[in-house]
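1. Quick one, fold the following:
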Amino acid sequence: MKSILFIFFFSICSYSFSQYKVSGKVIEQKTKKGIEAATIYAEPIEGNDLIAYTITNQDGVFEFDIDTKLKKINLIISSNGYQTYKKLLDLNKKEFDLSVVEMKEKVVELSSVDVIGERPPISIKKDTLEFNADSFKTRPDANIEELLKKLPGVEIDNDGRITVNGKEVNQILVNGKPFFSNDPKIATKNLPKEIIDKIQVTDTKTETEKFTGKNSNSEEKTINLTIKKDKNKGLFGRVTAGYGTDERYELSGIVNYFNDDERFSILSSSNNINSPGFSFDEIFDAVGRQAASISVSRGGAFSIGNLSFGGGQGITTSTTAGGNYANDFANDKVKTNGDYFYANSNSFNDTRTFRENILPDNRFFTNSTANSDANSNSHRISSKFQFEIDSTLRVVFNPTLNILDVNSNNIESTISEDENGNTINRSNTENRSNTNQYNFGNELSVIKKFGKKGNYIKLGLDTRLINNTGETFFNSSNEIFGTNPSVIAVEQFTDTDNETTNWEADIEYRQPLKDKLFLDIGYAFNINEEDNERLVFDFDNTTNDFTLFNDQLSSDFQFTTTQQRPSLQLNYEGKKLNLGVKGSFIHTELDNEDAIQNVAFNRDFNDVLFGVNLRYQPKRGTTIRVNYDASVVIPEVSQLQPVENITNPLNIITGNPDLEPTINHRIDLSLNNFDWKKRTGIFTFGSITLQEDRVVANTITDENLLRRTTYDNINGNYNIFLTANYSKRIKKDSLYTLNVRYGITNRFNNIVNFNNGVELTTKQLSIRPNVRLTYNYKEKLEIAPSYTLAFNNTTYSLDTFDDIDFIEHDLQLKTTTYWPKNLVWGNDVIYTFNGSIDASFQRSAVFWNMSLGLKMMKEKGLLKVLAYDLLNQNINTRRTTSQDFIQDTQGTVLQRYFLLSFTYKFDKFGTKNKRGSGISF
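-> Here you go, the predicted model:
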């Protein structure tokens, strides 16, 4: 590791570069007006490696620095609709003032010929930021993720989350179509860079916004990858097999077939190393950042395409398979896309928990151990059909079907003690269950545009049908000590059959009032019906079976929620300023009837809500947003039903039918600024959420620590979130790039609730500064250190309870070398420390993954040895603080193993078989 750090510093200091400044103004030849967002970039005389680039401001003015050791370069200026300007610069001086560059309009578009050397690296077309993939140098076998890391303003964190100028990417399209649902990682990890022509970045839009041209108000981004014409017909993919110590194994593969508009992909995976098999790089396979520690923060369980694998923590053995198909028919008037996923997982987890429970006048402690095993099988089918009836009418049909079957077994033992160490109660429980769920949904949209620009009507009908059935065997023994000792034994069988039907019809009409000013009129009608049957039977010793019907715990209720939402919104959509003011009226009716408990109640609520959203873009790369929104949260049926739930004899729960809905008021503020000249970005986001009539649990605990819980409304709850990030990219020719990112995240929660009948206020503050560097030297060495420091403080309004302060450290170092040729060496080291954890738990660890790979067979094959948790220190300990408890938990983790694997990549485009595609996982 010392040698790697030496190379890092030596390479920065040992090369001599000269810096040159180039400035000027780009104008139209005829009108003499400045051209905004023209691209200016520098390339070598031979080849098309990108040296430096920038774009013009709103007046057509530009200025940028060029760091290079070359003596001559080509300077190119490009803008949509204009002929390309090219000039040879002899770098015999430090500053070049081009004065005024006049651009001529294009007369003939060369649609069939692409001159790669004159294709701009970046172009801006209205609301689309477009990158030319070939302008950004990567390793020959790089995948899409490695390409995205090279793009200005694009960042990818340790969990694979992509942001563009501070905004998260929530979907990646391939030639305008989804690639295995909306999971961005499947595309970025599995498609090779060499097949990509352009990367197009836009604000994420709804179907209505796409078709009508309505401005998007989304805070998220969409990336569309366009495929090169000569790569859009062919077959490519890869397969991997590996086996290691402790019987660890992995098998995975993906095959893609592209034929212009038609696309078909299949993938499959099986392993017992907590891996989805599709979303990790070829250096660390499935054991990179996300699987490093089986914990809440680093994801022992995982999901792909909204399918969950595993029960949340522990060790998971999974098998998955899926397919995706997309095609256009009838001269592109009918577009289809669909995918299918199957997932099977077996997971187990052993946990140990220590909790300090807070009461107004005392406290008590619980120690518990739990063992869980779960097996799940899930199927998901999703599809999209789009019909372009004509240029003014579009119909979109999105049916989905999810099927889930879960078998689980949970055993838990808990001991509760008072402050003096006296045992108050002890419980042992076992819960065996089988659950089946069928979830069908469909979204139908009909969008019609009228003659006047921006005038449209949209009709929608959404359907959701859910059926849950299950059987549960519950066995518990609760021993109560003290002055009146007793033992409560429960042995029960529960049969559940729950059906939910949800229908929503909505209409949206836009009327242009004048240029850039629109009136949106909307109405939505929603009805949600729940038919829930829960039959509980106690064990009968005489029949040796569960035959004693328990009417106290059983229920058979129908719960209907009907909601109407008329709304009006006035929108101004300008080039720089977008402003919307919205008002809505929400009428909600609740109707509940329980046939077994003979309980019925009816409620209705009326709420008037307002919202404001503002987006201002004073210049390219700078966006200011201010949003205010209000929403209604209806209490759940379990919180409303005035029926005792004594499933847990230690905590009897009764609903409150007099609850009011919760009104959430939220204010968001954000500033995104990317400086094309300096390659710096500043991204800030803040939010304040105020909760009116929040529904909280009101628990009374007696001297034997037996609890009775109901629900009440309370005011005073709010939370504040603020994050700020600064990033800078330094590039020296094709020698090295250095990305620097500083950030800080702050959270403050003011939680008001009830504790033993007393109003309790808890204040939680978290401050997390962080820094991350990524250094890449000639695509042969990459070093990525990062450090996060977390300050946590919790205070209580109780004078008898002290404040809680604790600090967490997270130091990470990831290195990858691609030298000597065909040898790939990776290291991923994570040091964590949590000084607040109880002394009986492990507080710190160094987690180190290492891999060594050898490329062979003309880079089609990769033979690799992986060492997971090299120091055998992987842990899963964490502290959680809440309004009335402090909890430390430790669970099962994967520990040290070694695995040998082989990956083979293949591709065949057109009729010519080329070298390996570089697909990686």
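2. For Val396, pull up the helix or strand it's in.
-> Assigned by DSSP states H and E, Val396 belongs to strand 393-418.
3. how long is stretch 189-208 from one end to the other?
-> When the termini of stretch 189-208 are compared using C-alpha to C-alpha, to the nearest Å, they are 30 Å apart.
4. what comes up buried for that stretch?
-> Residues of stretch 189-208 classed as buried: 189-205, 207-208 (neighbour count, 16 or more other C-beta atoms under 10 Å). The C-beta positions use only the backbone N, C-alpha and C, and glycine is treated the same way.
5. Can you check the pLDDT for the residue nearest the centre of the chain?
-> Closest to where the C-alpha atoms of the chain average out (C-alpha atoms, centre = their mean) is Arg161, at 6.4 Å. Per-residue pLDDT puts Arg161 at 81.
6. now Asn331
-> Confidence score, pLDDT, at Asn331: 85.
7. do you know how far it is from Asp261?
-> Per C-beta to C-beta, to the nearest Å, Asn331 is found 11 Å from Asp261.
8. Which of those two has more residues huddled nearby?
-> Taking other C-beta atoms under 10 Å, Asn331 and Asp261 do not tie; Asp261 has more neighbours (16 against 7).
9. Contacts only, for Tyr342.
-> By C-beta atoms under 8 Å, 6 or more residues apart in numbering, the contact set of Tyr342 is Thr320, Ala321, Gly322, Asn377, Ser378, His379.
10. which residues of the stretch 101-250 of the chain fall in strands?
-> Under the criterion DSSP state E, counting those that start in this stretch, the stretch 101-250 of the chain contains strands at 122-125, 128-132, 154-156, 162-164, 167-174, 177-178, 196-203, 221-227, 233-244, 249-259.
11. Dump those strands into a markdown table; add distance to Lys25 as well.
-> Putting those into a markdown table (distance: least, C-beta to C-beta, whole Å) gives the following:
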| stretch | distance to Lys25 |
| --- | --- |
| strand 122-125 | 18 |
| strand 128-132 | 22 |
| strand 154-156 | 29 |
| strand 162-164 | 28 |
| strand 167-174 | 30 |
| strand 177-178 | 41 |
| strand 196-203 | 27 |
| strand 221-227 | 31 |
| strand 233-244 | 44 |
| strand 249-259 | 43 |
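12. Those: which one's closest to Asn544?
-> strand 249-259 (43.6 Å; C-beta to C-beta).
13. then that closest one to PDB, C-alphas only?
-> Extracted as PDB, the C-alpha positions of strand 249-259 are listed here (Å, rounded to 0.1, in the frame of the first residue of the first chain):
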ATOM      1  CA  TYR A 249     -19.700 -19.700  -4.400                       C
ATOM      2  CA  GLU A 250     -21.000 -17.500  -7.200                       C
ATOM      3  CA  LEU A 251     -22.500 -18.100 -10.600                       C
ATOM      4  CA  SER A 252     -23.800 -15.300 -12.800                       C
ATOM      5  CA  GLY A 253     -24.300 -14.400 -16.400                       C
ATOM      6  CA  ILE A 254     -25.900 -11.900 -18.800                       C
ATOM      7  CA  VAL A 255     -26.600 -12.000 -22.500                       C
ATOM      8  CA  ASN A 256     -27.800  -9.100 -24.600                       C
ATOM      9  CA  TYR A 257     -29.200  -9.100 -28.100                       C
ATOM     10  CA  PHE A 258     -29.600  -5.800 -29.900                       C
ATOM     11  CA  ASN A 259     -31.200  -5.400 -33.400                       C
END
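14. Okay, buried residues for that strand please.
-> For strand 249-259, burial by neighbour count (16+ other C-beta under 10 Å) applies to Tyr249, Glu250, Leu251, Ser252, Gly253, Ile254, Val255, Asn256, Phe258.
15. all helices for this protein, in order.
-> Assigned by DSSP state H, the helices in the chain fall at 2-13, 144-148, 184-190, 207-212, 637-640.
16. Can you name every helix or strand that the last one contacts?
-> The helices and strands touching helix 637-640, judged by 3 or more C-beta pairs under 8 Å, 6 or more residues apart in numbering; DSSP states H and E, are strand 577-594.
17. and with 10 Å instead?
-> Helices and strands touching helix 637-640, by 3 or more C-beta pairs under 10 Å, 6 or more residues apart in numbering; DSSP states H and E, are strand 517-540, strand 555-573, strand 577-594, strand 651-654, strand 694-701, strand 707-714.
18. Just give me the lowest mean pLDDT stretch among the ones you listed.
-> With a mean of 88, strand 651-654 has the lowest mean pLDDT of the helices and strands packed on helix 637-640.
19. helices and strands around that one, which ones?
-> helix 637-640, strand 644-645, strand 694-701, strand 707-714.
20. Between the two ends of stretch 57-77, how far is it?
-> 14 Å.
21. same question, stretch 834-845
-> 10 Å.
22. Please apply the same query to stretch 40-54.
-> End-to-end distance (C-alpha to C-alpha), stretch 40-54: 5 Å.
23. how many neighbours does Tyr243 have?
-> By other C-beta under 10 Å, the residues close to Tyr243 number 12.
24. Let me see the contact set for it.
-> Counting by C-beta atoms under 10 Å, 6 or more residues apart in numbering, Tyr243 touches Tyr249, Glu250, Leu251, Leu899, Leu900, Ser901.
25. Quick check: closest non-adjacent residue to Asn356.
-> If you look again at residue 356, you'll see it is Glu, not Asn. Closest residue to Glu356 apart from its sequence neighbours, by C-beta to C-beta, 6 or more residues apart in numbering: Ile886 at 4.6 Å.
26. I'd assumed Ile358 was in contact with the one you found.
-> Yes. Assessed by C-beta atoms under 10 Å, Ile886 is found in contact with Ile358 at 7.8 Å.
27. Per-residue pLDDT of the residue located most distally from the centre of the chain, please?
-> The outermost residue of the chain relative to its centre, with distances by C-alpha atoms, centre = their mean, is Thr542 at 54.1 Å. We have a pLDDT of 91 for Thr542.
28. State the distance from it to Asp495.
-> Separation of Thr542 from Asp495 (C-beta to C-beta): 21 Å.
29. burial of Tyr904, as a residue count?
-> Look at Tyr904: counted by other C-beta under 10 Å, it has 16 neighbours.
30. and the gap between it and Asp134?
-> 26 Å.
31. same thing with Tyr775?
-> Distance, Tyr775 to Asp134, using C-beta to C-beta: 24 Å.
32. again, but for Gly681
-> Distance of Gly681 to Asp134, computed by C-beta to C-beta: 24 Å.
33. Compare those two (neighbour count), which wins?
-> Using other C-beta under 10 Å as the criterion, Gly681 and Asp134 rank with Gly681 on top: 24 against 19.
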